[in-house]
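Enquirer: After the sequence you'll find the predicted model.
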Amino acid sequence: MELNRRVAASDASLTGDKADFQNNFKVTPWEVEGDIDYRRLMAQFGTLPITSEIIEKIKKVTGEVHPMLKSQFFFSHRDLDWILNKYDEGEGFYLYTGRGPSGMVHIGHAMPWLFTKYIQEKFDSKLLFQLTDDEKFLQNQDRSKKEIEHYVQENVLDIIAIGFDPDKTKIIVDSRDIGHLYPLAIEIARRITFSTAKSVFGFSNSTNIGMIGFPPLQAAPCFLPSLMEGRPTPVLVPAAIDQDPYWRVTRDIAERLGYYKPAQIHSKFLPGLQKLGKMSSSKPETALLTTDEPEIISKKVSTAFTGGQATISLQRMLGGNPLGCPVFWYLRYLFDTEKESDERLLKCKSGNLLCGECKSDLSKDAQTFLVEFKRRREKARDRADKFTFKGAF
Ligand code: TRP
């Protein structure tokens, strides 16, 4: 049984709940559905777009504009300008991101992590990576502890395979590292009322109380760096926008606890291969897993949904709809250069490109990427110890 998200209209004060009434999409930390209008989502969540001024500021440090910023895969933020100013003034920042270990990792999960690694490298940042095995256990009555433990171990391999610096990256597993999180979690929990939690997360009378008590544990790593460094320390959280409710409640109470509000940079979702919507590893045909064999990748891509017409002659005559095509977006976000992608868009629209060609490009690129990723994933098996969190770097 998934968390019951149906709440009274009066409870839908802040967030995704509104989406139920006004839009044909829904974005919460536990459910992403429908055709997401990211502009509207920003308005509802109260986040800001990443402006060209901010991109210029980042470029001053990185020397170039990362493709995921160029393509607006990362599109929204809170206090990104503030944290860049802090960096300018010589106050470095920590990165914090995470994963709920409820399945195998797919290429959509890996995208924000690849970006996080890039930021780590360019800004010389330490990173806390949280695995919320508790959240995934509490969220769904059908998942066993054993199953989640299995995914913790598998997901750790993916995280290491991203290439994070082992001297600057620690993986927190909630149930294992609870002793480090708990002192902070109770400080946080004491300052969040049930009324706030209900309206932000949509909890209802049928929600189990474990879920209701969970948010402080995801908030805790936002403040852990301040404890580790012994002074208030800026933290930047790169994550998909569905996690934003957590950061809203965390930001609300940060200053009362004597910490900086955590800053965020939000990504969109990589669409599922079968239609637009989030890629999901619980529906394996919609996702390219990091453990998929090349033949499986080619099969999944060849049966993908596209923005193409029903027949070749119609496609030649009317052109396709690249903006509604997952194959186009995979190529744009992950593999095409900006120029290649712009050309692909025009050629598709004018009927000069057939879906088979795009699928074959994606299949080749994804195979090359994933074969290499898998090799690194295997090598990660005897490196996991290096990333264990011990409360300090
Ligand atoms: N709740 C997230 C999930 O279900 C996992 C998570 C924990 C996370 N801490 C995070 C995600 C920080 C992004 C950033 O996937």
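Expert: Nice, thanks for sending it over. Numbers count the residues shown, from 1 in each chain.
Enquirer: average model confidence for stretch 78-93?
Expert: The average pLDDT for stretch 78-93 rounds to 98.
Enquirer: now do stretch 233-251
Expert: Taken as a whole, stretch 233-251 has an average pLDDT of 98.
Enquirer: That one and the ligand, any residue contact?
Expert: Yes: against the ligand, stretch 233-251 shows contacts by C-beta under 6 Å from any ligand atom at 237, 239, 243. C-beta: built from backbone N, CA, C; applies to glycine.
Enquirer: Now, those residues that are in strands?
Expert: 237, 239 (DSSP state E).
Enquirer: what would the residues of stretch 233-251 next to the ligand look like in TSV with distance to Phe393 and neighbour count?
Expert: Shown next, in TSV, are these (distance: C-beta to C-beta, whole Å; neighbours: other C-beta atoms under 10 Å):
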residue	distance to Phe393	neighbour count
Val237	18	26
Ala239	22	21
Gln243	24	20
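Enquirer: quick one: which of the residues of stretch 233-251 next to the ligand is nearest to the ligand?
Expert: Ala239 (3.4 Å; C-beta to the nearest ligand atom).
Enquirer: Spit out the contact partners of the nearest residue to that closest one once chain neighbours are set aside.
Expert: Of all residues not flanking Ala239 in the chain, Thr97 sits nearest, at 5.6 Å (C-beta to C-beta, 6 or more residues apart in numbering). Taking C-beta atoms under 8 Å, 6 or more residues apart in numbering, we find Thr97 in contact with 112-113, 116, 127, 129-130, 237-239.
Enquirer: can you check Lys390 too?
Expert: Per C-beta under 8 Å, 6+ apart, neighbours of Lys390: Lys170.
Enquirer: Could you do Gly98 as well?
Expert: 129-132, 172, 218, 221, 239.
Enquirer: host element of the residue in the stretch 251-393 of the chain that the ligand sits nearest to?
Expert: Nearest residue of the stretch 251-393 of the chain to the ligand (C-beta to the nearest ligand atom) works out as Gln264 at 8.9 Å. Taking DSSP states H and E as the definition, Gln264 sits inside strand 263-267.
Enquirer: which outside residues touch that strand?
Expert: 47, 50, 68, 73-80, 82-83, 93, 111-112, 115, 234-241, 244, 247.
Enquirer: Could you turn the buried ones of these into a PyMOL selection?
Expert: Listed next is the PyMOL selection for buried residues among the contacts of strand 263-267, using 16 or more other C-beta atoms under 10 Å:
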select buried, resi 47+50+68+73+74+75+76+77+78+79+80+83+93+111+112+115+234+235+236+237+238+239+240+241+244+247
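Enquirer: Pull the number of nearby residues for Asp142.
Expert: When neighbours are counted by other C-beta atoms under 10 Å, Asp142 registers 7.
Enquirer: do Asp385 as well
Expert: Quick note: Asp385 (other C-beta under 10 Å) scores 7 neighbours.
Enquirer: Ramachandran coordinates for it?
Expert: phi -60, psi -40 (degrees, to the nearest 10).
Enquirer: any idea how far it is from Leu127?
Expert: 17 Å (C-beta to C-beta, to the nearest Å).
Enquirer: Show me the shaky parts of the stretch 51-200 of the chain.
Expert: Within the stretch 51-200 of the chain, not a single segment meets pLDDT under 70.
Enquirer: Please name the spatially closest residue to Cys218 (chain neighbours excluded).
Expert: Actually, residue 218 is Gln rather than Cys. In space, Gln218 is closest to Tyr246, 4.9 Å off (C-beta to C-beta, 6+ apart).
Enquirer: Output the helix or strand containing the one you found as PDB - backbone C-alpha positions only.
Expert: Using DSSP H and E, Tyr246 sits within helix 244-254. The C-alpha coordinates for helix 244-254 follow below in PDB (Å, rounded to 0.1, in the frame of the first residue of the first chain):
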ATOM      1  CA  ASP A 244      11.500  19.800  -2.600                       C
ATOM      2  CA  PRO A 245       8.900  19.300   0.200                       C
ATOM      3  CA  TYR A 246      11.700  18.000   2.400                       C
ATOM      4  CA  TRP A 247      13.800  21.100   1.800                       C
ATOM      5  CA  ARG A 248      10.900  23.500   2.400                       C
ATOM      6  CA  VAL A 249      10.400  22.200   6.000                       C
ATOM      7  CA  THR A 250      14.100  22.100   6.500                       C
ATOM      8  CA  ARG A 251      14.600  25.600   5.400                       C
ATOM      9  CA  ASP A 252      11.800  26.800   7.600                       C
ATOM     10  CA  ILE A 253      13.500  25.700  10.800                       C
ATOM     11  CA  ALA A 254      17.200  26.100   9.800                       C
END
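Enquirer: what's the offset of it from the middle of its chain?
Expert: 17 Å (C-alpha atoms, centre = their mean, to the nearest Å).
Enquirer: so what secondary structure elements neighbour it?
Expert: Packing partners of helix 244-254 (3 or more C-beta pairs under 8 Å, 6 or more residues apart in numbering; DSSP states H and E): helix 194-201, helix 215-219, strand 263-267.
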